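Visitor: dropping the sequence and predicted coords here.
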Amino acid sequence: MARYRGPKAKIARRFREPIFGPSKALEKKNYPPGMHGNSRRRGKKSEYAIQLAEKQKAKYTYGVLEKQFALTFDKAARKKGITGENLLKFLESRLDNTVFRLGIAPTRRAARQLVSHKHIKVNGVLTNIPSYSLRPGDKIEVRERSKSLELISDALTGRKQFSWLEWDNGSYTGTFLNYPEREEIPENIKEQLIVELYSK
């Protein structure tokens with residue numbers, strides 16, 4: 001299954017954000033990676049470089065590779081409304097991201113693994129496709145045999161609430177209520193830069 005397998009700390013340092021979750025490397029070395037460290041003089045970035053970096057940040061954040069990201073953007077561009085906001089809505093509606101947002105997994109990577117290993121059901125059906133697109137009203141639940149997993153119980157103790165999702169702790173079932181509005185999505189992504197990059 002295609003996914004980024006490289007070093008996580010380097011990516012977090014490149015964007016100076018904890019993209020893959022809390023990072024000690026980012027705290028110790030809050031500057032971009034490279035053999036010259038913090039002493040290297042970095043020139044002013046071009047407009048293209050800034051736009052490309054924003055797209056790369058979004059890809060790494062949601063765990064999507066280039067081709068899939070481009071297809072998602074194309075889908076967002078065809079839908080009515082603001083393309084950049086549509087893009088983030090589609091990325092947020094991915095099954096692996098929703099499992100993470102519900103608090104079933106501590107990170108998106110862990111959520112992807114739970115989905116791939118058939119621990120998650122959608123509308124009562126075992127679904128092992130992390131990129132599965134949820135629709136408003138879809139039910140996401142932890143498979144009965146998987147409810148005792150320590151990873152899941154630990155993650156649920158520190159779960160955050162999001163307005164577009166509903167969670168029932170008794171049955172380990174969540175509901176994707178609707179696509180989130182842009183102001184509800186906490187990710188620090190300047191989606192307009194991505195739209196400008198693809199419109200070149």
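Guide: All right, it came through fine. Not measured: the values here are computed from a predicted model.

Visitor: so where is this structure shaky, pLDDT-wise?
Guide: 1-43 (pLDDT under 70).

Visitor: most centrally placed residue in it?
Guide: In the chain, the centroid-proximal residue (CA atoms, centre = their mean) is Tyr62; its distance is 2.7 Å.

Visitor: excluding covalently adjacent residues, which one is nearest to that residue?
Guide: Excluding the flanking residues, the one nearest Tyr62 by CB to CB, 6 or more residues apart in numbering is Leu91, at 4.7 Å. (Each C-beta comes from the backbone N, C-alpha and C, glycine too.)

Visitor: swap in Trp164?
Guide: Spatial nearest neighbour of Trp164, chain neighbours left out: Pro180 (4.3 Å); criterion: CB to CB, 6+ apart.

Visitor: returning to what we had before: am I right that the residue nearest to Tyr62 is in a helix?
Guide: Yes - checked against DSSP: H, G, I helix; E, B strand; the rest coil, Leu91 lies within a helix.

Visitor: please name the residues that touch it.
Guide: Residues in contact with Leu91 (CB atoms under 8 Å, 6 or more residues apart in numbering) are Ala58, Tyr62, Val64, Thr72, Asn97.

Visitor: before we move on, what SS does the residue nearest to Trp164 have?
Guide: coil.

Visitor: what about it, distance to Leu134?
Guide: Applying CB to CB, to the nearest Å, the value for Pro180 to Leu134 is 11 Å.

Visitor: in helices, which of the contacts of Leu91 appear?
Guide: Among those, the members found in helices (DSSP state H) are Ala58, Tyr62, Thr72, Asn97.

Visitor: any idea what Leu165 is bridged to?
Guide: Beta-bridge partners of Leu165, counted by DSSP bridges, are Phe176.

Visitor: what's the local residue count around it?
Guide: Using other CB atoms under 10 Å, Leu165 has 20 other residues around it.

Visitor: and the gap between Tyr179 and Pro130?
Guide: Distance, Tyr179 to Pro130, using CB to CB: 18 Å.

Visitor: please apply the same query to Glu184.
Guide: Using CB to CB, Glu184 is found at 22 Å from Pro130.

Visitor: give me the more crowded residue out of those two.
Guide: Neighbour count, other CB under 10 Å: between Glu184 and Pro130, Pro130 has more, with 22 against 13.

Visitor: which element is that one on?
Guide: Assessed by DSSP states H and E, Pro130 sits outside every helix and strand.

Visitor: residues touching it, list them.
Guide: By CB under 8 Å, 6+ apart, the residues touching Pro130 are Met1, Gly63, Arg94, Leu95, Asp96, Ala111, Arg112, Val115, Ser116.

Visitor: and of these, the nearest to Asn188?
Guide: Relative to Asn188, the closest of the contacts of Pro130 is Gly63; by CB to CB it sits at 16.4 Å.
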